[in-house]
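Visitor: Output the structure for:
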Amino acid sequence: MLLTQWLLAHLWVLALVGVLAALTAGGYVHRARQRAAWDRVRRQALRLRPAQLDALDHRDFETAVRDLMRRDGCRAERLGGAGDDACDVKATDPLGRVWAVQCKHRRDGLRGQAVGTGVLQQVNGTAKPVHRADVAVVVTNGRFSSKAIPWGHRHGIHLVDRAVLVEWAGGSRPLWEILDRLPPPRRSVTFN
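Guide: Residues are numbered from 1 along each chain as shown. Next comes the predicted model:
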């Protein structure tokens, strides 16, 4: 009661608190916009060389794929880990298509074990029913087995082997401009 009476008698204190609160909020908003702008610039400048990709562990490889999707204008999140239902990165591209991306990092790159049909079968079983994906992709810094390649084509799974990954990660073209046979856009999406 006494505080209320004192504040009513000294309205300038309330005005000062209001101005300080507005300045603080304005500064916070400005800093958040500045951080978002710098994040966009950093994502656009992201380029990865084959040696950098090979040096990653499997978790960092998943994060790198997520960051490449973000660089290209997608909203993307890393899901990788136990219980990811064969989707390490889930993304929505600027055309509204949902991507389910399974990442297979090979420590030895092309000399490592080829990605086989078992991985593709897992992706095929979860991409659409679980993740509601329009585009199912398996990305590796290595290679696919001779049986996996035709299997993937027959079932509409996009295979990103080392050659395609190097083009995508080292260039400035988004993955959907590199891959063939993509579904039509759902809708145009604008991300902040």
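
Visitor: Show the backbone phi and psi for Q102.
Guide: Note on Q102: backbone dihedrals following degrees, to the nearest 10 are phi -100, psi 130.

Visitor: cool, and T92?
Guide: Per degrees, to the nearest 10, the backbone of T92 is at phi -120, psi 120.

Visitor: residue contacts, it?
Guide: By Cβ atoms under 8 Å, 6 or more residues apart in numbering, the contact set of T92 is C74, R75, A76, V98, W99, V189. Where C-beta positions appear, they are placed from N, C-alpha and C, glycine not excepted.

Visitor: Contact partners for the closest residue to the first one other than its chain neighbours?
Guide: When you say that, I think you mean C74. Distances taken as Cβ to Cβ, 6 or more residues apart in numbering place A91 nearest to C74, at 4.2 Å, with adjacent residues excluded. By Cβ under 8 Å, 6+ apart, A91 lies in contact with R66, M69, R70, C74, R75, A76, E77, V98, W99, V101.

Visitor: now with 10 Å?
Guide: 65-66, 68-70, 72-78, 97-101, 133, 135, 137, 175 (Cβ atoms under 10 Å, 6 or more residues apart in numbering).

Visitor: Out of those, list just those in strands.
Guide: R75, A76, E77, R78, V98, W99, A100, V101, V135, V137 (DSSP state E).

Visitor: Identify the farthest-apart pair in these.
Guide: Using Cβ to Cβ, the ones in strands among the contacts of A91 span at most 17.0 Å, a distance reached by R78 and V135.

Visitor: Out of the contacts of T92, which one has the weakest pLDDT?
Guide: Across these, the smallest pLDDT goes to V189, namely 64.
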